[in-house]
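Asker: coords please:
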Amino acid sequence: MSINRRQFIQLMAIAGAAGMLPKSAFAAKKQSTDFYEMPTSGDVRLLHLTDCHAQLLPVYYREPNVNLGIGRLQGQVPHLVGDKLLQHFGIQANTLEAHAFTSLNYVEAAKKYGQVGGFAHLATLIKRLRDSYGREKTLLLDGGDTWQGSGTAYWTRGQDMLGATNLLGVDVMTGHWEFTYHAKEILANIKRFKGEFVAQNIFVKEEALFDGVPAFDEDSGLAFKPYTMRDLGGTRVAIIGQAFPYTPIANPARFIPDWTYGIYESELQALVNQIRLQEKPAIVVLLSHNGMDVDLKMAAKVSGINVILGGHTHDGVPRPIEVKNNGGMTLVCNAGSNGKFIGVLDFAVKKGEVKDYQYRLLPVFSNLISPDQEMQTYINKVRAPYLNKLNEKLAVADQVLYRRGNFNGTYDQLICDALRVQNDAQIALSPGFRWGTTVLPGQDITLEQVLTQTAITYPETYTRSIKGQYLKQILEEVCDNLFNPDPYRQQGGDMVRVGGMDYVCDPTESIHKRISNMTLDDGTPVDMNKQYKVTGWATVASQSSGKPVWDVVAEYLRDRKVAKLDKLNTPKLINVQGNQGITNYPV
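Answerer: Numbers count the residues shown, from 1 in each chain. You can find the predicted model right below:
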């Protein structure tokens, strides 16, 4: 059953004054607790968390002002931002929900409503959502990107997050950035995980099988358990794992040399058919790290799945998209990132079939939730050995520093500026990662904060001579990854960030035709046949030899004391007039 705008607002009313908490109610402790009162319905409750990127503490996280949909994706969820997103989902402007789901009036609203997420606050909320419904009828599902994104996750090789998710009670998870540790570390971490790790789309290479590399099933070559069955109060639920299909392309294959990944649409359909026939579940869930556009296409092509609980693209989508297919209808959900949201999906089941559903994507505002003391004690303990290093104050933010958006964010610009200055280069390149938290104007930038933008297992920087023609090729290929009309050819990141160079971008064009008018900061055109001194970090194909990027940025900030940007090298966009995925664009 779909819910219309009026029903959605009614549900949010139950969750807290129509989801539009006035100042007085927000300030009043007694009333603020009502924001998380949930109506109980149905027979099974699925709780969905994804892309927390190792953020154990509450953070600020600014949603994008640019998330362009091109071609048939234009004006479609998730490619709505700002007022267009609010209008589509019936959310009133200047409210708690408006702040959670958009970047509108971000600094003012962030100061008013405070930080989001934090595992101690998530623990309190998740316990409440499970206990009020009946623990025997609930599952907590983690869509991955959990073990990476912080200094402590990097230094402990993800083990700080294993302890946290075990304490949180995660039942089932799949992965992506989990695979940026070494294979032996990954397998050891999965062994320590108290829940189940599932992935139907990762296989052990044939030559590796002959060499004795372990597999979940040697006959099929499956590296991991493809699905799990759970009985929730008498209702049978199947959870299939869909790990990020492009891991060895987007991240270093050298860390995971024996595994191969893919979308494997036909294999997924065969598995769903087999599960339906043999296991007789009432509900089939695909726990996905595809990215939402890929999930929407997959939902239209593969039948027999009741819901795809998706991640990777960090889209906070207030209600599911209903996708019709040969087998009926599949819900597609995406639950944001950084611990900022928890998805709550209740299914009503009758005679072994889904008859109804109710969904809420709850923003997790730490000011409204008391921290769970057991989780807080764990967090304090796991962070204690690193506090002196993490708490080093490097500089003060001169403006809001953010990353998320299709093109350059202010934090990305800061990283590019640091690379150019410290490595004496003309141009800087920085990956279009979607993780990385936000700093408000006037706040201290600590080493911990820098690490939330840079903590990966291949952080080495490089400085090399690159031809103008090759620079254009880099921009064209990443842009095609972002705007290719076929979602299966998108990898879900944002555009590579640049420093010291401007360009014009037409997202509506085809590959090799989107990028033009490349110029240096002084206005000099980039010569396709000339060599330029370029610096960057996070090389995938091979390891670079430069300092870790966080050291470069930290040195830059220590010297300046104030993080001030002279310029934002965000491209001039053409042919995007009227696109509902862009608002308040600076060029």
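
Asker: Which residue lies closest in space to Arg434, excluding its sequence neighbours?
Answerer: His314 (4.7 Å; Cβ to Cβ, 6 or more residues apart in numbering). In short, each C-beta sits where N, CA and C put it, glycine included.

Asker: If I look at the one you found, what pLDDT would I see?
Answerer: We have a pLDDT of 98 for His314.

Asker: Then the one 4 residues further on?
Answerer: Note on Pro318: pLDDT of 97.

Asker: Isn't it up against Pro363?
Answerer: No. The criterion here is Cβ atoms under 8 Å, and Pro318 misses it with Pro363 at 9.6 Å.

Asker: Report the set of residues contacting both of those two.
Answerer: The contact sets of Pro318 and Pro363 overlap at 97, 101 (Cβ atoms under 8 Å, 6 or more residues apart in numbering).

Asker: C-alpha coordinates for stretch 179-187, CSV please?
Answerer: C-alpha atoms of stretch 179-187 as CSV (Å, rounded to 0.1, in the frame of the first residue of the first chain):
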residue,chain,number,x,y,z
PHE,A,179,36.5,-4.3,1.5
THR,A,180,39.2,-1.7,1.6
TYR,A,181,41.0,-3.6,4.3
HIS,A,182,43.1,-6.6,3.4
ALA,A,183,41.2,-9.8,2.7
LYS,A,184,42.5,-11.6,5.8
GLU,A,185,41.4,-8.6,8.0
ILE,A,186,38.0,-8.6,6.4
LEU,A,187,37.4,-12.3,7.0
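
Asker: Heading C-terminal from the helix or strand containing Leu268, find the next helix or strand.
Answerer: Assigned by DSSP states H and E, Leu268 belongs to helix 265-278. The element immediately downstream of helix 265-278 (helix or strand, assigned by DSSP H and E) is strand 283-288.

Asker: list the helices and strands that following strand packs on?
Answerer: In terms of contact count using 3 or more Cβ pairs under 8 Å, 6 or more residues apart in numbering; DSSP states H and E, strand 283-288 is assigned the packing partners strand 235-242, helix 265-278, helix 292-301, strand 307-310.

Asker: What pairs with the shortest one, parallel or antiparallel?
Answerer: The reference is to strand 307-310. Note on strand 307-310: by DSSP bridges, its sheet partners are strand 283-288 (parallel), strand 328-334 (parallel).

Asker: thinking again about what came up before, could you measure from the residue nearest to Arg434 over to Tyr261?
Answerer: Counting by Cβ to Cβ, to the nearest Å, the separation of His314 from Tyr261 is 20 Å.

Asker: cool, Ser288 as well?
Answerer: From Ser288 over to Tyr261 (counting by Cβ to Cβ), the distance is 13 Å.

Asker: who has more neighbours, these two?
Answerer: Ser288 (32 against 22; other Cβ atoms under 10 Å).

Asker: Next, the contact list for that one, please.
Answerer: Per Cβ under 8 Å, 6+ apart, neighbours of Ser288: 143, 174, 242, 294-295, 298, 308-312.

Asker: quick one, domains of the chain?
Answerer: Domain ranges of the chain: 38-60+114-379, 391-573, per automatic domain parsing.

Asker: In JSON lines, list these along with distance to Leu85.
Answerer: As requested, the domains of the chain are arranged in JSON lines below (distance: least, Cβ to Cβ, whole Å):
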{"stretch": "domain 38-60+114-379", "distance to Leu85": "8"}
{"stretch": "domain 391-573", "distance to Leu85": "14"}
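
Asker: out of these, nearest to Asn67?
Answerer: Among the domains of the chain, domain 391-573 comes nearest to Asn67, with 6.2 Å by Cβ to Cβ.

Asker: Please state the offset of that closest one from the chain centre?
Answerer: Taking Cα atoms, centre = their mean, to the nearest Å, the mean C-alpha location of domain 391-573 is offset from the chain mean by 19 Å.
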